[in-house]
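1. Sequence first, then the predicted structure, then my questions.
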Amino acid sequence: MYNIIIVGAGGFGREVYAWAYETYLKSKNNNYKIKGFLDDNLKSLDGFNINSKVLSDINNYLVAENDRFIIAIGNIDTKKKIVKKLEGKGAQFISLIHHTAIIAPTAKIGEGCIICPFVLVSDNVIINDFSTLNFYSSCGHDAAVGKYSILSPYSTLNGFSVIEDEVFLGSHSTVTGSIKIGYRSKVSANSVAMNDAPRHSLVYGVPGKTKVIFYE
C-alpha cells in the first residue's frame, strides 16, 4: 500500500486531488490511498469540500517509506525548490496520468509528471521529469518536453518540436512543427511560435514575436 501525498493545497492541488481520486480510488486500485496534502498554509483547505486534510507544512513533514508524492504546484521555480527539498528528505515521486488522457504506447513519461484530463501525448513523444500537461493540451509525434515545463490548458506542441527545461506555454498557445523553444522561455497565451526561440525568451502574438528576457 502506497500513500499518495499531494504537495500544494491551492486551486491546482484541489484539482489534482479530484483526478488522483478518480485514478487511484474509483478505479479500485488497492495499492494506493490518498493520505493528504502538504502546504505551508495549514488552512488552505478551509471552506472547501475536500475529504482530506493538510498533514503538515513541507519543512516539518517526516517522509515515510510508503509515501509517494505528487507535486501540484503551478509555478516552475517554486516546484523546483520543493522537489529538491523533498528529495533531500528521501521522498519518492509518482506521475499522475488521468484515465481520459490518450498516451501513445511509444511515448515516454518521466518521474513526477502530471498528465491532466483529455491530454494527448502522441507517438514517440518524450515528457521529462516533473512536467505538467494541463487539460486539453497536446504533444504531436516526436515532440519533447523538458523538465519542469508546463503546458497550460489547450496549448499545443506540434510534431518534432522541442521545448527545453522550465518552459511555460500559456493557454491556447501553439508551437508549430519542428520548432525549438529554449530554456526558461515563455510562450504567451494565444500566441503562435513559428520560429526557434533562444534561452530566456518571451514569444508573444500571432505570428509570434520573440524578445529575450532574463528571469532567474
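-> Happy to help now that I have it. Numbers count the residues shown, from 1 in each chain.
2. what residues are up against the residue positioned nearest the centre of the chain?
-> For the chain, the residue sitting closest to the mean C-alpha position, by CA atoms, centre = their mean, is Thr132 at 1.6 Å. Residues near Thr132 by CB atoms under 8 Å, 6 or more residues apart in numbering: 74, 113-114, 116, 149-151. Any C-beta I mention is one placed from the backbone N, CA and C, and that applies to glycine too.
3. got a winner among those for most neighbours?
-> Leu151 (31 neighbours; other CB atoms under 10 Å).
4. Tell me which residues touch it, please.
-> Counted by CB under 8 Å, 6+ apart, Leu151 has contacts 131-134, 137, 139, 145, 157, 169.
5. go on, Trp19?
-> Taking CB under 8 Å, 6+ apart as the test, what Trp19 contacts is 96, 98, 116-117.
6. now Tyr2, which residues is it bridged with?
-> Under DSSP bridges, the beta-bridge partners of Tyr2 are Tyr32.
7. neighbours around it, how many?
-> Tyr2: 16 neighbours (other CB under 10 Å).
8. wait, doesn't it sit right on Arg68?
-> Yes: assessed by CB atoms under 8 Å, Tyr2 is found in contact with Arg68 at 4.8 Å.
9. any common contacting residues for those two?
-> With CB under 8 Å, 6+ apart, Tyr2 and Arg68 have common neighbours 32, 94.
10. what comes up buried for stretch 94-103?
-> Neighbour counts over stretch 94-103 (16 or more other CB atoms under 10 Å) mark 94-98, 101, 103 as buried.
11. Can I get it as CSV, trimmed to CA atoms?
-> The C-alpha trace of stretch 94-103 is given here as CSV (Å, rounded to 0.1, in the frame of the first residue of the first chain):
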residue,chain,number,x,y,z
ILE,A,94,4.9,9.3,-8.9
SER,A,95,3.4,10.5,-12.1
LEU,A,96,-0.4,11.1,-12.2
ILE,A,97,-1.9,10.2,-15.6
HIS,A,98,-5.6,10.8,-15.8
HIS,A,99,-7.6,7.9,-17.4
THR,A,100,-9.1,10.2,-20.1
ALA,A,101,-5.6,11.2,-21.4
ILE,A,102,-4.5,9.5,-24.6
ILE,A,103,-0.9,8.3,-24.3
